[in-house]
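Mind looking at a prediction? Sequence and model below.
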Amino acid sequence: MKLHVENLCKAYGSTIALDHLSITFENGIYGILGPNGAGKSTLMNILSLLLDKTDGNITLDENDIVKMDTTYLDHIGYMPQENCLYDDFTLFESLCYVGALKGMKKTEAGLQANELAKEVGLADVLHKKIKTYSGGMKKRAMFAQTLMNHPDILILDEPTAGLDPQKRIELRNIISQLSKDKIVLIATHVVSDIEYIANQIVLMNHGKIIKVGSTKDLIQSIDGKVFERCIEEGQLKQLESKYRISNLRYEQGKLIARIITDEAPLENGIRITPDLNDVYLSYFQEIS
Ligand SMILES: Nc1ncnc2c1ncn2[C@@H]1O[C@H](COP(=O)(O)OP(=O)(O)OP(=O)(O)O)[C@@H](O)[C@H]1O
């Protein structure tokens, strides 16, 4: 299955949210990573047919998704950023309701509701009202809704937003386990959400794709540009005006800065192995 996006543009009045964006998605997990305002949600909403594009083409196996309409929507499971659950429904009712919207037969929806509740770890509360759920449980419930009727394209907009680190990890692992043989797009500005589960990371800013690659490829792209250097506190402002500083820490009374620079080697700096956070800052942080 190939979801192909070509020269996609979206303008809100004079704001250009997507600017001639082209990419092809195949089976696998894609982390769409970019800062606030990069255009991630706009892309997700257009791919879910919730928003009209201004220009460009999107095809699923060479068929125009707008012309495919409901046939295309049968392939899609969409999880929005905001809570989309009815507090007064039980999870079972929520899942059956989504099943009905997706045209599933009642018995089949009931069977799938039971199965999915098990898969997301909510079987014991399947018949409890959503309003009794914690934030992490609500997110897992939303993910279960997304999976109703076995869509083969999952579009997840900041799925872990608002969760504590442990709950983020739990949901991330559930997403990873249930994403086999699907195209999965995860929009986020949190590096750790996708670092270990995405096969490909798509770096996006100002409505454009800046780079695509595996975590390893992206880390390699800045290899040799990350250093640690012992600095005086008084030097910090001056260094910030020249370099990207990804971290500061005190060690035995000394201030150590983690610095990203194209001007390698850095004077008095010790070269260190970059990580995906360094990649993020390297591509997105403006030098102050
Ligand atoms: N309904 C709208 N009307 C006008 N401008 C909008 C609208 N929705 C988004 N924008 C603008 O389009 C650009 C892209 O926004 P979008 O929400 O797609 O980015 P994002 O990467 O998802 O950001 P975030 O991580 O904050 O959700 C931003 O400049 C935003 O202000």
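Structure's in. What do you need?

Check which element follows the helix or strand of the chain with the lowest mean pLDDT along the chain.
Here the helix or strand of the chain ranked lowest by mean pLDDT, DSSP states H and E is helix 236-240, holding a mean of 84. Sequence order places strand 244-251 as the next helix or strand after helix 236-240, per DSSP states H and E.

Paired strands for that next one, with orientation please.
Neighbouring strands of strand 244-251 in its sheet, by DSSP bridges, are strand 254-260 (antiparallel).

Now the partner strand: average pLDDT?
Per-residue pLDDT over strand 254-260 has a mean of 90.

Which element is encountered next along the chain beyond that strand?
The first helix or strand that comes after strand 254-260 along the chain, using DSSP H and E, is strand 270-271.

got the buried residues for the helix or strand that comes right after that next one?
Sequence order places helix 276-284 as the next helix or strand after strand 270-271, per DSSP H and E. For helix 276-284, the buried set under the neighbour-count rule, 16 or more other CB atoms under 10 Å, comprises 276, 278, 279, 280, 281, 282, 283, 284. All C-beta spots, glycine's among them, are computed from the backbone N, C-alpha and C.

Please apply the same query to stretch 187-206.
Buried, per 16+ other CB under 10 Å, within stretch 187-206: 187-191, 193-195, 197-198, 200-205.

From the opening residue of it to its closing one, how far?
End-to-end distance for stretch 187-206: 15 Å, by CA to CA, to the nearest Å.

Quick check: closest non-adjacent residue to the residue in the stretch 151-288 of the chain that the ligand sits nearest to.
Distances between the stretch 151-288 of the chain and the ligand by CB to the nearest ligand atom are smallest at residue 189, namely 5.4 Å. Distances taken as CB to CB, 6 or more residues apart in numbering place residue 35 nearest to residue 189, at 5.8 Å, with adjacent residues excluded.

any idea how far residue 223 lies from residue 16?
In this view, residue 223 and residue 16 are 33 Å apart by CB to CB, to the nearest Å.

So those two - more neighbours on which side?
When neighbours are counted by other CB atoms under 10 Å, residue 223 and residue 16 differ, and residue 16 comes out ahead with 16 against 12.

thought the more buried one was touching residue 207?
Yes. If you go by CB atoms under 8 Å, residue 16 and residue 207 touch, sitting 5.5 Å apart.

what residues do the two have in common as contacts?
residue 10 (CB atoms under 8 Å, 6 or more residues apart in numbering).

didn't residue 209 look like it was pressed against residue 20?
No. Contact between residue 209 and residue 20 fails when scored by CB under 8 Å: they sit 9.7 Å apart.

okay, those two: which has more neighbours?
The neighbour count for residue 209 versus residue 20, taken as other CB under 10 Å, is higher for residue 209 (21 against 14).

The residue nearest to residue 233 when sequence neighbours are not counted: how many residues sit nearby?
In this structure, residue 233 finds its nearest non-sequential neighbour in residue 255, 5.9 Å apart by CB to CB, 6+ apart. Residue 255 has 15 neighbouring residues, counting by other CB under 10 Å.

who's in contact with residue 33?
Per CB under 8 Å, 6+ apart, neighbours of residue 33: 188, 189, 191, 194, 201, 202, 203, 204, 280.

In terms of pLDDT, where does it sit?
pLDDT, residue 33: 95.

Bridging across strands, which residues link to it?
residue 188, residue 203.

Would you mind listing the two of the buried residues of helix 276-284 that lie farthest apart?
276 and 284 (12.0 Å; CB to CB).

that older thread, could you pull up the contacting residues of the residue of the stretch 151-288 of the chain closest to the ligand?
33, 34, 35, 36, 38, 40, 158.

if we look at the ligand, which of those residues are close to it?
The residues of the contacts of residue 189 that also fall near the ligand, by CB under 6 Å from any ligand atom, are 34, 36, 38, 40.

Residue 5 and residue 18 touch, don't they?
No. Between residue 5 and residue 18 there is no contact under CB under 8 Å: 9.3 Å.

Number of residues surrounding the closest residue to residue 186 other than its chain neighbours?
Spatial nearest neighbour of residue 186, excluding adjacent residues (CB to CB, 6+ apart): residue 156 at 4.8 Å. Neighbourhood size, residue 156 [other CB under 10 Å]: 26.

Beyond the helix or strand that contains residue 156, next helix or strand please.
Following DSSP H and E, one finds residue 156 within strand 153-157. Proceeding N to C from strand 153-157, the next assigned helix or strand is helix 165-177, under DSSP H and E.
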